[in-house]
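**Student:** Here's a sequence, model it:
(chains A and B)
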Amino acid sequence: MEYNKQEIKKGINLHIIKTDKFKTNLLAVFITTPLKREQITNNALIPMVLRRGNMINKTQEEISIHLEEMYGASFDCGIEKTGDNQALKFYLEVINDEFLPTKENLIKDALNTLLNIVFNPLTQNNQFNKEYIESEKQNLKQIIESKKDNKAKYALERCIECMYKNEPYGLYKYGYIEDLEKINQQNLYEYYKELINKCKIDIFVSGQVEKEEIQQIINENTQIQNLQERIPEYVVNNPSKENQESEEIKKVNESMDITQGKLVIGMDIFGEGEKLKYIASVYNAILGGTATSKLFQNVREKASLAYTASSSYIRPKNNIMIRAGIEIENYDKAIEIIKQQLEDMKQGNFTNEELEISKTGITSTVKFIPDEQDTCLSYYFGQELSNSKSTIEEYIQNIEQVTHEEVKQLANNIKINTIYFLKN
Amino acid sequence: MQIIENLKVKEKAYIEKLENGLTVIIIPKHNTSKKYVIWGTNFGSIDNKFIAPEDKEETSIPDGVAHFLEHKMFEQANGTNSLDTLTALGVEANAYTTNDHTAYLFEATDNFYPALDELMDYVQNPYYTDENVEKEKGIIAQEIKMYDDQPEWQVYMNAIQLMYKNNPINIDIAGTVESISGINKDILYKVYNTFYHPSNMVLTICGDFEPNDILQEIKNRLKKDIKKQGTIKRIYPQEPEEIVAPEKTVEMEVNMPLFTIGFKDEINNNEKDIVKKHIAIEIILYMLLGRSSEAYKKLYEAGDIIMQPQLEYETSKQYSHVLISGQSTNPQNVVKMLKNQIEKYKTSGLDEQQFNRVKKKIYGDYITEYNDVGNIARMFMADYFKGINSFDYLEEYEQVGIEYANQILAEIFDFNKMVVSVVKGK
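**Tutor:** The predicted model follows:
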């Protein structure tokens, strides 16, 4: 595997990951812009409108037909919160020419198709297509209203919202229904143009490709030629938080018609710096990242309180989220056991074996990255947004250097922010 | 070893049946560092009545035993837990139970052989006690309740229950809180001794291996004193051709209704035909409701659906059906459009241009399956239990013509065998 990044214009990067591990080439365009209450709904709506049609393939149907002709190239798009940014993601996966039944060159067509979807939308008189806007507004409304459909995800989302009330990260990535009525084909297109001119743009190409060939396709593409240079507006993912002594733990209980209670505990990590992230990853793995972790062992295996009991680390925001699905009447018992685990971490009551197992767990997951095409893209995009240039090898080294003492110290700089419980 | 090569996707599979009856399938992939091994037994949630080879009497077991046993395989006599041991080695270990098989697996970059030691050791050495069986009941009860809150699972189970009257596929894989309360260690040992014999199992492995070497490594780790086993007589109830009922709607706390449309099919007995039929059904399904289809376009424009429904054909030696599942603000309109489209194709035949295009798409989908070592290993194993070798899909692909597809359309998409399951908001 060979990774290469070059700035094709100021604020616009082309990342090429040359690899022979896959049958497919994976292409992606990521548009990054700061999370803002005023723009969040606009940003969520844009990918949905763009996938409806462009100046070349005017309808969704035409796009699909074109992709099917390319031996079922698959297009996907979505929206993600990454730290204090909103990322609009567009992917196109196409099989490598080597595995086609006839001799064809699909990569050029595939790349141009993707760039057309993102940068050459269907417009008339300097406006988006009205019909598309209206129908996608309806669809987005449905998506926003369906937030509660997946209960476990909903509980996590709600906990984060409570932790980051009135802050960008507390915003819902799909936006808000009350914004929708204000949006029309004209103002959304105006906003789209502004976004495209100011945002950070990253183009990824992964697969059995030649760097020169890709560069040439990109350079010859009209859409790319039309893009302006920019000092991209986005937030570098390097959070630092100060420990505020007086903060009380927020407790939030909500009800829904469910059979199992969903418990989410959101915690803040205080401190800053690159190294902290590696220590926090190890802390998280010991606490609840694996099957040998304290939460899995004590909440599930010993107390039989849950089937799911784990924690995850939100790297760009330095939060650890604990999650468990429990019997509603076992709430107090579960909280008590979880708090005991946090206390044990603070006291340094974890063995060197637990430490080593956790480090191995993290490093082996990292070693899988080159064998997973989309994860590999996400890894380099994550590095890009946090302004770090660690290779996978360096990342592994940094994890391996984390000590028992460092984890214990970090444990004493972690505080519960919110305890959220979804019950019936 | 038998060697099968596929020139389209440029991969080879090495297959060997060992003396003790175990089938080993090796798919070498020289340019990856990720290695994946999966060991499966042809024993799933539907195998709840059988006559063991040494018995004359029939054995009936409570619902959920296959899944329960999967949970309990990890515990060892020396007090360790194999999941912990594997995790400590830095490999991703897991296990799962389906309707027709149970599988134990891990993926690794480093420590592959120590992990293989552990996997092969724990699968060959069960350790069940009254105490550890009791403890698991609380955990599994929470797993069952987790599924109870998932509308996707409810809408699927209801569709299955609309189609199947007697076939135990109509019972939740995990059983119920009540049924698992009746499980004890004797039942688990009985089932283990019957179904976890090598002759009922297949081990599939994918990664950067030299086939003969890895085969030897596997042989070295197999118990030596295994006696040959006779046939297990599995007893399945007679399943009528007809469906149970055409429709069921339940209410849950959801915003956008979920639907699953099913078409009950007959059990396939001819393995060669299954593949051809499966390919044809995949093409037809995509022509009916895929992203470029007329019905999808209309439904999308009407605001009835936002995403393409999932389109699949599930088939095994005991059941076969088509499932179309998704979310819609108006599931009845999805049903109506689908029926119209089926009618139309039945009368005028499938559109040839569209057929050829979608066929190309399906080719790409099959090639893409070979991107990941885990996916490859799981696919070869699951297909093996159906009597299929996964390359057959790429081999038979050319043989599926439009006339054949028209014939399959008429056979499978029979409105008398169609069910509609809906979960809607309260």
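**Student:** In the helix or strand hosting residue B:158, which residues are buried?
**Tutor:** Assigned by DSSP states H and E, residue B:158 falls within helix B:151-163. Buried residues in helix B:151-163, counted by 16 or more other Cβ atoms under 10 Å in any protein chain shown: B:151-152, B:154-163. Quick note: C-beta positions are derived from backbone N, CA and C, even for glycine.
**Student:** could you pull out the strands for chain A?
**Tutor:** A:2-9, A:12-18, A:24-34, A:74-82, A:85-95, A:123-124, A:127-128, A:200-207, A:250-255, A:261-269, A:306-314, A:319-326, A:414-423 (DSSP state E).
**Student:** whoops, I mixed them up, the stretch 251-400 of chain B
**Tutor:** B:258-265, B:310-315, B:320-327 (DSSP state E, counting those that start in this stretch).
**Student:** Now render those as CSV, adding mean neighbour count.
**Tutor:** Output for the strands of the stretch 251-400 of chain B, formatted as CSV (neighbours: other Cβ atoms under 10 Å in any protein chain shown):
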stretch, mean neighbour count
strand B:258-265, 24
strand B:310-315, 17
strand B:320-327, 21
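**Student:** Nearest to chain A: which residue in the stretch 51-200 of chain B?
**Tutor:** Closest to chain A within the stretch 51-200 of chain B is residue B:138: 3.1 Å, counting by Cβ to the nearest Cβ.
**Student:** For the closest residue to that residue other than its chain neighbours, report the pLDDT, please.
**Tutor:** Counting by Cβ to Cβ, 6 or more residues apart in numbering or on different chains, residue B:138 lies nearest to residue A:304, which is 3.1 Å off, once chain neighbours are set aside. The model reports residue A:304 with a pLDDT of 85.
**Student:** Thought residue B:134 was touching residue A:304, still the case?
**Tutor:** No - applying Cβ atoms under 8 Å as the test, residue A:304 and residue B:134 come out as separate, 9.0 Å apart.
**Student:** So for the two, which sits in the more crowded spot?
**Tutor:** residue A:304 (18 against 14; other Cβ atoms under 10 Å in any protein chain shown).
**Student:** What helices and strands are in contact with the helix or strand of chain B with the lowest mean pLDDT?
**Tutor:** Scoring the helices and strands of chain B by mean pLDDT, DSSP states H and E places helix B:130-148 at the bottom, with a mean of 91. Helices and strands touching helix B:130-148, by 3 or more Cβ pairs under 8 Å, 6 or more residues apart in numbering or on different chains; DSSP states H and E, are strand A:306-314, strand A:319-326, helix B:65-72, helix B:177-181, helix B:185-195.
**Student:** try 7 Å this time
**Tutor:** Under the contact criterion of 3 or more Cβ pairs under 7 Å, 6 or more residues apart in numbering or on different chains; DSSP states H and E, helix B:130-148 touches strand A:306-314, helix B:65-72, helix B:177-181, helix B:185-195.
**Student:** any idea which of the buried residues of helix B:151-163 is closest to residue B:55?
**Tutor:** residue B:160 (30.1 Å; Cβ to Cβ).
**Student:** quick one, what contacts that closest one?
**Tutor:** Applying Cβ atoms under 7 Å, 6 or more residues apart in numbering or on different chains to residue B:160 gives the contacts B:169-170.
**Student:** Show me the beta-bridge partners of the nearest residue to residue A:318 once chain neighbours are set aside.
**Tutor:** Leaving out its chain neighbours, the residue that sits closest to residue A:318 by Cβ to Cβ, 6+ apart is residue A:269, at 4.3 Å. The partner list for residue A:269 in beta bridges (DSSP bridges) reads residue A:414.
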